[in-house]
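*Asks:* Below are the sequence and a predicted model for it; my questions follow.
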Amino acid sequence: MNRLQQILLTAFGFVFIGIGILGVFLPLLPTTPFLLLGASCSVKASPGLYSWLINNRLLGQYIKDFREGNGIPRKTKVTAILMLWTAIMYSIVFKVDNIYIRFCLLLIAACTTWHIASRKTLEQDGEESYSVESEEK
């Protein structure tokens, strides 16, 4: 990898990680995809940045859970869906007059809700999950 590629990938890594961090606070901006992009840009170009991201106590878990196929915590699913619908409904009621744009916003919210809800749910420690085996005992 030449020096220019390394600089560009590191810069893109920082940009994507920054957008991912914003996604933690902004309801319509996804977090995990941008963190994954940032991680993939930095894995070869900046091992230090990648190591920081993976070992970060707030951000690293998003990437680890995705890489390991663990799913999305139930609390995160509920929070994301509530924030999504709150923002969409606010926009529809107070900001958008065009009926076609309102319809598009509702369609986006419905598809995003379906996507989030259809992902595997990560069971947190202390939560009991139903299984047939536990009923038979």
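*Replies:* Great, that's in hand. Numbers count the residues shown, from 1 in each chain.

*Asks:* Now do the contacts for Tyr62.
*Replies:* By C-beta atoms under 8 Å, 6 or more residues apart in numbering, Tyr62 lies in contact with 20, 31-32, 35. Every residue, glycine included, has its C-beta placed from N, CA and C.

*Asks:* Actually, Gly71.
*Replies:* Per C-beta under 8 Å, 6+ apart, neighbours of Gly71: 65, 119-122.

*Asks:* What are the boundaries of the helices in the protein?
*Replies:* 3-25, 32-45, 47-55, 60-68, 74-90, 99-118, 132-136 (DSSP state H).

*Asks:* Distance from the second one to the middle of the chain?
*Replies:* Right, helix 32-45. Centre-to-centre, helix 32-45 and its host chain are 13 Å apart (C-alpha atoms, centre = their mean, to the nearest Å).
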